[in-house]
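In: Below are the sequence and a predicted model; questions follow.
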Amino acid sequence: MQNGTRLAAVDLGSNSFRLEIGYLDHGQIQRTEYLKETVRQGNGLDENRNLSRQAMQRGWDCLARFGERLAGFRKFQVRAVATQTLREARNRDEFLARATQILGFPIDVISGREEARLIYQGVAHLLPQSNERRLVVDIGGRSTELILGHAYEARAMESFRVGSVAWSMRYFPDGVFTAQAFETAEVAAKAVLDEALNTYRPDAWEVAYGSSGTVGAVSDVLMEAGWPEGLVTRDGLDWLLERLLKAQSADKVRLEGLKEDRRAVIGGGVSVLRAVFDLLSLREMHVAQGALRHGALYDLLDREHEQTDQRHASVTRLASKFSVEQTQAQRVSKAARHLFRQVAGEFSAGEMERHLRKLGWAAHLHEIGSLISHSDYHKHGAYILDNADAAGFTMPELHRLSLLVLGHRGKLRKLEVDFEDDVFVRQLLALRLAVLLCHARRDPDLQGLTLQVDAPHSLSLSCRHGWREAYPQSAHLLHEELTAWQKTPWTLSFSERG
């Protein structure tokens, strides 16, 4: 990206929605604007894990205001990510369909570990360069992320379903503070976080950092009371607990530095933070300036180039883990990319590169399910991708990749896809033809093979004179492919030029 390019990140958290806007300045992103609204979507999940109409409307109203501010931004300049509440919500598609339209940009629901990775990237990029080993803790509304890292590399990441909103609703439902309620909440939080003990041992890190709302809110209160700025200590947490117990309820809390939007969730946040301190034997925690939204911004930069795109590394790792035959994968990838270029349409150089990269990933992973069973390996591969923890990928991105892997062979009507999505359909066709042409597991003869768009939803493949006779099995498979496409809104024809 060019120096001066404007970038924006939207963080749809369980408690608050945030918008961060900045510009690229020699590899760093300089903030120009920051907006935050307390939406409390996490409070809107019912017992069946459906978002209430009121919670959805609060989110839509906020995104409408953010969308107005983002007018004029292009798609590659904006990253919007959603976290635990929308990971849980059964009716998230209903919310996201309208939310995406209102905001004007795609909204990616990210996995817990991907959220943790982006949090660490945000924290690391806003800290001074250091050789220290770090523990990063982010207590959000409905999840808590723990990350071990060094420099810009996150080495261990985990997300736990415990947070300030969820714990406030469960253990302080009426906002009443009692010693028993805090003890119960802390014990429950430790029970969820207990499995972190093996990985996040005291000898695994040197400095602990806290990111996001809860740690920042606690630090603000402690600083106003005379404690060191930007630092949360065990003694400070004990002092804060005493103040909350004396107040007896959230609406009676009078603490300098406590913002009104934090009052309703301070009980849950403090109980989770105290549980983290006890469980991990923390003495103090530094307040980090970076957060998820900053990580999303820097991830926009990393995605520009394959060598820095974390998704490329994840594809390589998955291919190795499931013993994919690299020669065949590269062969299919080369053929698929060659065919897609012929029918891709009018794209900018950047857009074309992104489409080709994603098609190449599908080609490299199309046989990932073969390690499980050769029978229906495409179905096994799709299942693996839909359920994998793949750093850099959002959940919708992984699902789209899984659909390409599922659809690279066999019947097309089994695919629950939008056949109005021209890019996906052309990627799918290019991949299916590439796999077909590479059936003998040797480099295919692509000379004279031309794929073109004849009309909307109509494509044709033509070959040079004599190609059919030279490759009868490939020609036979191509004719079977024509039949497969007849059962979709698209048509495919095959002919030999004279």
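Out: In hand now; what should we look at?

In: Need phi/psi at residue 360.
Out: phi -60, psi -40 (degrees, to the nearest 10).

In: Skip the chain neighbours and tell me the closest residue to it.
Out: Nearest residue to residue 360 in three dimensions, chain neighbours excluded: residue 333, at 4.7 Å (Cβ to Cβ, 6 or more residues apart in numbering). For every residue, glycine as well, the C-beta is placed using N, CA and C.

In: mind listing what that neighbour touches?
Out: Applying Cβ atoms under 8 Å, 6 or more residues apart in numbering to residue 333 gives the contacts 359-360, 363-364, 434.

In: And residue 441, how close does it get to residue 329?
Out: 11 Å (Cβ to Cβ, to the nearest Å).

In: more neighbours, those two?
Out: Neighbour totals were compared for residue 441 and residue 329, and residue 329 leads with 20 against 10 (other Cβ atoms under 10 Å).

In: and that one, that one's in a strand?
Out: No - Residue 329 is assigned helix when assessed by DSSP: H, G, I helix; E, B strand; the rest coil, not a strand.

In: Disregarding residues adjacent in the polypeptide, which is nearest to it?
Out: Per Cβ to Cβ, 6+ apart, closest to residue 329 is residue 364, 4.5 Å.

In: Over to that neighbour: give its phi and psi.
Out: phi -70, psi -20.

In: Read off the pLDDT value for it.
Out: If you check residue 364, the pLDDT there is 97.

In: Flag every buried residue along the lowest-mean-pLDDT helix or strand in the chain.
Out: Sorting the helices and strands of the chain by mean pLDDT, DSSP states H and E puts helix 260-263 at the bottom, at a mean of 90. Neighbour-count burial for helix 260-263 flags 261-263 (criterion: 16 or more other Cβ atoms under 10 Å).

In: Tell me the one among those residues nearest to residue 414.
Out: Distance to residue 414, by Cβ to Cβ, is smallest for residue 261 among the buried residues of helix 260-263, at 47.4 Å.

In: Now do the SS call for residue 130.
Out: Residue 130 ends up coil, using three-state DSSP.

In: if you skip the residues just before and after it, what's nearest to it?
Out: residue 151 (7.6 Å).

In: do residue 424 as well
Out: residue 417 (6.5 Å).

In: so what's the one you found up against?
Out: Counting by Cβ under 8 Å, 6+ apart, residue 417 touches 403, 407, 424, 428.

In: give me every residue that touches the third one.
Out: Just to be clear, that refers to residue 424. Counting by Cβ under 8 Å, 6+ apart, residue 424 touches 400, 403-404, 417-418.

In: looking at this, residue 18 is in a strand?
Out: Yes - looking at residue 18 with three-state DSSP, it is inside a strand.

In: Who does it form a beta bridge with?
Out: residue 11, residue 36 (DSSP bridges).

In: what's the distance between it and residue 75?
Out: Distance, residue 18 to residue 75, by Cβ to Cβ: 20 Å.

In: Which one of these two is surrounded by more residues?
Out: Applying other Cβ under 10 Å to residue 18 and residue 75 shows that residue 18 carries more neighbours, namely 21 against 10.

In: Tell me how far the more buried one lies from residue 480.
Out: Relative to residue 480, residue 18 is positioned 52 Å away (Cβ to Cβ).

In: again, but for residue 329
Out: 23 Å.

In: again with residue 295
Out: According to Cβ to Cβ, residue 295 stands 46 Å off from residue 480.

In: These two: which is more packed in?
Out: residue 295 (30 against 9).

In: for the more buried one, what are its contacts?
Out: Each residue near residue 295 by Cβ under 8 Å, 6+ apart is listed here: 117-123, 125.

In: Just send these back as a markdown table, with pLDDT too.
Out: Below are those laid out as a markdown table (pLDDT from 0 to 100):
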| residue | pLDDT |
| --- | --- |
| 117 | 96 |
| 118 | 97 |
| 119 | 97 |
| 120 | 97 |
| 121 | 97 |
| 122 | 97 |
| 123 | 97 |
| 125 | 95 |
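
In: Can I get stretch 164-173 in PDB, CA atoms only?
Out: Extracted C-alpha coordinates of stretch 164-173, given in PDB (Å, rounded to 0.1, in the frame of the first residue of the first chain):
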ATOM      1  CA  SER A 164     -17.300  -9.200  31.900                       C
ATOM      2  CA  VAL A 165     -20.800  -9.100  30.300                       C
ATOM      3  CA  ALA A 166     -21.400 -12.800  30.700                       C
ATOM      4  CA  TRP A 167     -20.200 -13.000  34.300                       C
ATOM      5  CA  SER A 168     -22.100  -9.800  35.300                       C
ATOM      6  CA  MET A 169     -25.300 -11.300  33.900                       C
ATOM      7  CA  ARG A 170     -24.700 -14.700  35.600                       C
ATOM      8  CA  TYR A 171     -23.300 -13.800  39.000                       C
ATOM      9  CA  PHE A 172     -24.400 -10.200  39.500                       C
ATOM     10  CA  PRO A 173     -27.800 -10.300  37.700                       C
END
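
In: what about the strands in the protein?
Out: Remark: strands assigned in the chain by DSSP state E are 6-12, 16-25, 28-38, 78-82, 107-109, 133-139, 144-150, 153-160, 207-211, 231-233, 284-287, 450-455, 458-463, 491-496.

In: got those as a markdown table, with distance to residue 254 and mean pLDDT columns?
Out: As requested, these are exported to a markdown table (distance: least, Cβ to Cβ, whole Å; pLDDT from 0 to 100):
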| stretch | distance to residue 254 | mean pLDDT |
| --- | --- | --- |
| strand 6-12 | 30 | 97 |
| strand 16-25 | 23 | 96 |
| strand 28-38 | 20 | 95 |
| strand 78-82 | 34 | 97 |
| strand 107-109 | 38 | 95 |
| strand 133-139 | 23 | 97 |
| strand 144-150 | 28 | 97 |
| strand 153-160 | 32 | 96 |
| strand 207-211 | 24 | 97 |
| strand 231-233 | 20 | 97 |
| strand 284-287 | 23 | 97 |
| strand 450-455 | 68 | 93 |
| strand 458-463 | 69 | 94 |
| strand 491-496 | 71 | 93 |
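
In: Throw those strands into CSV and include distance to residue 368, thanks.
Out: Converted to CSV, those look like this (distance: least, Cβ to Cβ, whole Å):
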stretch, distance to residue 368
strand 6-12, 31
strand 16-25, 36
strand 28-38, 35
strand 78-82, 26
strand 107-109, 22
strand 133-139, 31
strand 144-150, 27
strand 153-160, 22
strand 207-211, 34
strand 231-233, 44
strand 284-287, 40
strand 450-455, 26
strand 458-463, 27
strand 491-496, 26
